[in-house]
Structure formats: structure tokens, C-alpha cells
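> Got a sequence here, can you build the structure:
(one chain, ligands or ions: 1)
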Amino acid sequence: MADVQQHQVRRVVTRPSWSTQQQPQANGSPAVSAVRRDSTSTPVRQPLRPVETCDLTCKVMLLGDSGVGKTCLLVRFRDGLFLSGNFISTVGIDFRNKVVTVDQSKVKLQIWDTAGQERFRSVTHAYYRDAHALLLLYDVTNKTSFDNIRAWLGEIREYAQDDVVIMLLGNKADCGSERVVRKEDGERLAREYNVAFMETSAKTGLNVELTFMAVARELKSRKSGNSDESKFNVQDYVREQSQRGSCPPCNT
Ligand SMILES: Nc1nc2c(ncn2[C@@H]2O[C@H](COP(=O)(O)OP(=O)(O)OP(=O)(O)O)[C@@H](O)[C@H]2O)c(=O)[nH]1
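Residues are numbered from 1 along each chain as shown. Presented below is the predicted three-dimensional model:
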């Protein structure tokens, strides 16, 4: 699978960093106050922000060729920003958390941003097995990134759990005149592999919330095993919501 772009600079080197400081306390109680000393050495009590407790933690991985927009999609979802300008390629793997609310339940999404470059593939493979959901991106302005999707799905079959939730995303949908992959081609490929499909834009925010909320809903319904909720189907949900043309309310 060829890397599709050359890059100027490297993003900060990141390593798999499962920091316990970002986890809620085991007993769910709020964190205690910390003591800060000011310039006169008088102790000043500073309340720490309460640690948010969650009903469910899901590991979501972003996959796809280098340059398709994985980091931008994550940043758009988590911070509501678009990283334009020079493309800085991810090195290795990194993760960010975001808590969303699904039907009164707090779902923590641990979103792993992987390097798309081939030389990091062996590093990222090691993380597939733990993932509950995989967002597989191609760039609608880059045919090679689309053609490589079959190879990515092969790797997913090899390294991920059989029941992992997979969503195929055609990113950069805002690039009208540069588009070389038609939406119908993405839909057809998704149907062939029986995975959910959406076109997204990290630049405009198109379908970004919807993507992550659909994943959170699917994983929550699987976890709950509740007869009504277990009827939830991520593909139907995505289809319905995209036809409505708007994102459902998502409380973050
Ligand atoms: N127009 C447009 N540009 C985008 C979009 N998403 C990302 N880009 C641009 O595409 C380039 C690559 O984006 P990244 O998010 O760094 O790509 P990546 O998939 O994380 O790349 P690697 O870290 O190398 O795997 C950047 O210059 C972004 O500004 C989008 O939705 N629309």
C-alpha cells in the first residue's frame, strides 16, 4: 500500500500512552484538592476539576492512507477546529478522549489516531485487537487512497476482532472540483463489505459528529443488550441521519 503524499515536517513523536491520569477514579469519587504554593509560600487550596465518570469506554481507531485527514477529523470532533496549512504527518500512534452522551449515558470515546505511512504499520497493527470500532478513511480527491481501502480491510480482517464496528468514510467532501472518487463508488464498496458509509469533511464539519455519535450508539447498544436498544443498527442509523442532512443532538 503506497504512501500517497510527501510531507514537510513530522508531527510530535507520540507513543502508545495509556496514562492513568486520564481515567476516572475507580470509586467514582471526585478528585481531592491539590495544594499550590504561591510566591510567599502560603499554601493555597485549589479545587481540581472533578473527574468525569462514564458508563462505557470505547476504543475507536482512525485508519487510512497518509494524508486522508485522520488527525483533522479527530481535531474537528474533539475541539471543533480545522487544521489547515502545512500537512504534518503523524508519527506512530496517539489518542485523545471525548465523552459524549447517548440516551443519558456517558460514553467515553478513546480515539486513537494512527500514522497512515506504511513504515508505521507494524506499530499500529498491535492496537487493532483492542479496538471496538474502526473508522477507515479515504480522501475523495485521491484515487489511490480509495483503491487502498480493500487492502486496509484485509489488514482489519487479519488483526482486528471479528465483531469490530467498521465505518468507511470518504473525507474531504468539501473539495468539489478536485473530487475523483464519486459518492456512489464509496457506497458500493461499503455495501460490498457490509460496512456503514458516509462522506465527511473535517474542514466544514460535515457528518463528523454524526460519525462518532453513530459509533457511540452502536457500541452502547451492543453493551446494554437491552432488547429495544439492541435493535440499533449503525448502517441504518447513518443512512437515516445522512438523508435528514443534519446531525442528531449530541451532548458533549
Ligand atoms: N479540504 C480539506 N482538507 C482536509 C480535510 N481533512 C484534512 N485535510 C487536509 O489534508 C491534509 C492531511 O490531513 P491530516 O489530518 O494530517 O492527515 P492524516 O490522515 O492524519 O495523515 P497521516 O498523519 O500522515 O496519517 C492537511 O493538509 C489537512 O489540512 C478536509 O476535510 N477537507
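> So which residues make contact with stretch 200-211?
Defining contact as Cβ atoms under 8 Å, 6 or more residues apart in numbering, one finds that stretch 200-211 is touched by 69, 72-73, 75-77, 80, 82-84, 135, 137, 167, 169-174, 198-199, 238, 241-242, 247-248, 250. Every C-beta, even on glycine, is put in place using the N, C-alpha and C of the backbone.
> Would you mind listing which of these are buried?
69, 72-73, 75-77, 82-83, 135, 137, 167, 169-174, 198-199, 238, 241-242, 247 (16 or more other Cβ atoms under 10 Å).
> end-to-end on stretch 146-165?
Distance across stretch 146-165, first residue to last, is 19 Å (Cα to Cα, to the nearest Å).
> all strands for the stretch 1-150 of the chain, in order.
For the stretch 1-150 of the chain, the strands defined by DSSP state E, counting those that start in this stretch cover 9-10, 34-37, 43-46, 56-64, 88-89, 93-102, 105-114, 133-139.
> if you compare these, which one is most tucked away?
Comparing the strands of the stretch 1-150 of the chain by mean neighbour count (mean count of other Cβ atoms under 10 Å), strand 133-139 ranks first with a mean of 26.
> And that strand, what does it pack against?
On a contact count with 3 or more Cβ pairs under 8 Å, 6 or more residues apart in numbering; DSSP states H and E, strand 133-139 meets strand 56-64, helix 70-79, helix 143-147, helix 149-159, strand 165-171, helix 208-224.
> Of the buried ones among the contacts of stretch 200-211, which are in range of the ligand?
Contacts with the ligand within these, as defined by Cβ under 6 Å from any ligand atom: Gly69, Cys72, Leu83, Asn171, Lys172, Asp174.
> Is Leu56 bridged to anything, and to what?
Legend: beta-bridge partners of Leu56 under DSSP bridges are Val107.
> re the thing from before, can I get the strands of the stretch 1-150 of the chain in TSV with mean pLDDT?
TSV is the format used below for these (pLDDT from 0 to 100):
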stretch	mean pLDDT
strand 9-10	33
strand 34-37	34
strand 43-46	63
strand 56-64	96
strand 88-89	90
strand 93-102	94
strand 105-114	96
strand 133-139	98
